[in-house]
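# coords please:
(one chain, ligands or ions: 1)
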Amino acid sequence: MRRDQFESFKKFIERLNEESPFYKQKFKISGVSIEDIKSPDDIEKLPFTTKEELRDIYPLGLQAVPDEKVVRIHSSSGTTGKPIIIPYTAQDVDDWAVMMARCYKTAGVTPMDRVQITPGFGLWTAGIGFQAGVEKLGAMAIPIGPGNTEKQLQMMMDLKTTVFTATSSYALVLAEEVAKRGIRSNIHLKKGIIGSERWGEKMRSRIKNELNVDIYDIYGLTEIYGPGISIDCDCHTGLHYWDDYLYFEIINPATEKPVEEGQYGELVITTLKKEGAPLLRYRTRDITRLIPGECPCGLKFPRHDIIVGRTDDMVKVKGVNIYPGQIDELLRDIDGCSSEYQVVIEHINGKDVMKLRVETECRVEKDGVERIIAEHFKRKIGILIETEAVSLGELPRSEKKSKRILDYRYQ
Ligand code: ZN
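Numbering: from 1, shown residues only. Now for the predicted structure:
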């Protein structure tokens, strides 16, 4: 942690202690005094904030400013339980637009671009976040919102849209429609900024190829402003995040202790400047890692890797945490492997045994590829496993990545 970042962290917790009823209470219960936080190592002593806590204080229990300073609220979708309501001050709204404009710049978007915004507007943070960033940058926003593919494509052709923002699933719908209608020569897209869902390499290359665009991953969550807190650059070696606004930690979700540098774990975020709904050590449940070193692009902002999974999908084998996304990534680098795999974990003779079954192309020699997968696994994830190469189409298909892991140990 840089010195100036720690200074702003200190100021942040002092403010929480004075202005946030929610955190005042939390500090009291946890028994930590903010005077005890003298160096970055002490941050570990501070309590986490969880999604459950935010649900429990529905609707506005997180608000840390007087009512007259709140200009807007957004809300998470609330598919499980109560939604989480996040109040924003005018400064929060502006800070978010600044971050979003940085995202566009990092992806090489300029004021000459025309940016079509396909995510939803309203309680959801996506649409308005993308729009505010475009306006801050000085490009032209085309705020269509979701659905209505007919109109979407018409506008895209008539206005010569150069950049679009979308979820990966809607980007795929657009790509397929463009191919089906044979209108690619009338489309002027150069870049796609894709956010909000985890998605595989296959889907990415289909969108890329069908639309002939560069793809940039954008990350964010409603609790922390919304989309726009990080994005990848032209080097595509991880997502740059804005460390003047946000402090990122990676913890082992089971022990709640920080992981070693560069290791995967749960992303924990502190919003250093947020006024309306400040968050201290918020557990995102997203699994990623911080990437050490500087990016070849020269940008000084640090990087995190793509989100490889959720803490709910994690399995622990031989004392090592494994996430489905890590396996996706590993197989991507091995020639002849498809993206389809299945993991079987058993407890045999007092030991964990993990078998990775992978679909491989018929041109590859099965013994050879099995050995290569096992070697890669040992080197990258750290444990010895059994591997089996099977033919294409042999494994069951499932939408959910976590369904690919069959854990028979505790049955
Ligand atoms: Zn970069």
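
# ok now do residue 243, which residues does it touch?
Residues near residue 243 by C-beta atoms under 8 Å, 6 or more residues apart in numbering: 2, 5, 301, 302. Backbone N, C-alpha and C define where each C-beta goes, glycine included.

# Could you do residue 104 as well?
113, 115, 133, 134, 137, 139, 163, 193.

# hey, what's residue 117 bridged with?
residue 143, residue 165 (DSSP bridges).

# Please apply the same query to residue 214.
residue 191.

# What spatial separation is found between it and residue 118?
17 Å (C-beta to C-beta, to the nearest Å).

# between these two, who's got more neighbours?
Neighbour count, other C-beta atoms under 10 Å: between residue 214 and residue 118, residue 118 has more, with 25 against 16.

# Not counting sequence-adjacent ones, nearest residue to the more buried one?
Using C-beta to C-beta, 6 or more residues apart in numbering and skipping residues adjacent in sequence, the residue nearest residue 118 is residue 166, 4.4 Å away.

# So the one you found sits against residue 191, correct?
No - look at residue 166 against residue 191 with C-beta atoms under 8 Å: they stay out of range, at 11.4 Å.

# Neighbour count for the two, which is higher?
residue 166 (25 against 20).

# In which helix or strand does residue 18 reside?
In this assignment (DSSP states H and E), residue 18 forms part of helix 3-19.

# Remind me what that helix packs against, helices and strands.
With contacts taken as 3 or more C-beta pairs under 8 Å, 6 or more residues apart in numbering; DSSP states H and E, helix 3-19 sits against helix 21-30, strand 265-271.

# now it, how far from the centre of its chain.
Distance, stretch centre to chain centre, for helix 3-19: 25 Å (C-alpha atoms, centre = their mean, to the nearest Å).

# Show me what counts as buried in it.
Buried positions in helix 3-19, judged by neighbour count with 16 or more other C-beta atoms under 10 Å: 6, 8, 9, 12, 13, 15, 16, 17.

# could those residues go into JSON lines alongside pLDDT and distance to residue 311?
Output for the buried residues of helix 3-19, formatted as JSON lines (pLDDT from 0 to 100; distance: C-beta to C-beta, whole Å):
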{"residue": "6", "pLDDT": "96", "distance to residue 311": "27"}
{"residue": "8", "pLDDT": "96", "distance to residue 311": "27"}
{"residue": "9", "pLDDT": "97", "distance to residue 311": "24"}
{"residue": "12", "pLDDT": "98", "distance to residue 311": "25"}
{"residue": "13", "pLDDT": "97", "distance to residue 311": "25"}
{"residue": "15", "pLDDT": "97", "distance to residue 311": "29"}
{"residue": "16", "pLDDT": "97", "distance to residue 311": "25"}
{"residue": "17", "pLDDT": "96", "distance to residue 311": "29"}
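
# For the protein, what lies in contact range of the ion?
233, 235, 295, 297, 299 (C-beta under 5 Å from the ion).

# hmm, try it at 8 Å
Residues of the chain lying close to the ion (C-beta under 8 Å from the ion) are 106, 232-235, 237-238, 240, 295-299, 303.

# Just the buried subset of these, written out for PyMOL, thanks.
Restricted to buried positions by 16+ other C-beta under 10 Å, the PyMOL selection for those reads:
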select buried, resi 106+232+233+238+240+295+297+303
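
# Which ones among the residues of the chain next to the ion map onto strands?
232, 240, 303 (DSSP state E).

# Just the closest of those to residue 268, please.
residue 303 (16.5 Å; C-beta to C-beta).

# Find me the pLDDT at the closest one, would you?
pLDDT recorded at residue 303 is 98.

# Tell me the bridge partners for it.
residue 240, residue 291.

# And the strands in the stretch 201-350 of the chain, which stretches?
214-221, 226-232, 239-241, 246-251, 265-271, 282-288, 290-291, 303-304, 309-310, 315-317, 320-322, 337-348 (DSSP state E, counting those that start in this stretch).

# What helices and strands are in contact with the fourth one?
Using 3+ C-beta pairs under 8 Å, 6+ apart as the contact test, the elements touching strand 246-251 are strand 265-271.

# what's the angle between the strand it packs on and strand 226-232?
On the basis of axes from the mean of the first three to the mean of the last three C-alpha atoms, to 10 degrees, strand 265-271 is oriented at 120 degrees to strand 226-232.

# who does strand 265-271 touch, helix- and strand-wise?
helix 3-19, strand 246-251, strand 282-288.

# Give me the sheet partners of that strand and which way each runs.
So strand 265-271, judged by DSSP bridges, has these partners: strand 246-251 (antiparallel), strand 282-288 (antiparallel).

# contacting residues for the residue nearest to residue 335 when sequence neighbours are not counted?
In space, and not counting its chain neighbours, residue 335 is closest to residue 364: 7.2 Å by C-beta to C-beta, 6+ apart. By C-beta under 8 Å, 6+ apart, the contact list for residue 364 reads 335, 336, 389.

# Which pLDDT value goes with residue 364?
Predicted confidence (pLDDT) for residue 364: 90.

# Roughly how far does it sit from residue 391?
For residue 364 relative to residue 391 (C-beta to C-beta), the value is 11 Å.

# where does residue 274 land on pLDDT?
98.

# oh, and call the first residue 833 from now on, that's how I've got it
Happy to do that; since the first residue is 833 now, the last one works out to residue 1106.

# in the stretch 833-982 of the chain, what spans have low per-residue confidence?
For the stretch 833-982 of the chain, the stretches flagged by pLDDT under 70 are 910-912.

# contacting residues around the closest residue to the ion within it?
Relative to the ion, the nearest point of the stretch 833-982 of the chain is residue 938 (7.2 Å; C-beta to the ion). Residues in contact with residue 938 (C-beta under 8 Å, 6+ apart) are 1048, 1063, 1064, 1065, 1072, 1131.

# Please apply the same query to residue 863.
Neighbours of residue 863 in contact, by C-beta under 8 Å, 6+ apart: none.

# Phi and psi next, for it.
For residue 863, the backbone dihedrals are phi 80, psi 10 (criterion: degrees, to the nearest 10).

# Domains in this structure, by residue range?
920-1142, 1147-1239 (automatic domain parsing).

# for residue 1211, helix, strand, or coil?
Under DSSP: H, G, I helix; E, B strand; the rest coil, residue 1211 falls in the helix class.

# That one: neighbouring residues, count only.
Neighbours of residue 1211 using other C-beta under 10 Å come to 9.

# quick check, nearest of the ones in strands among the residues of the chain next to the ion to residue 1172?
residue 1064 (25.4 Å).
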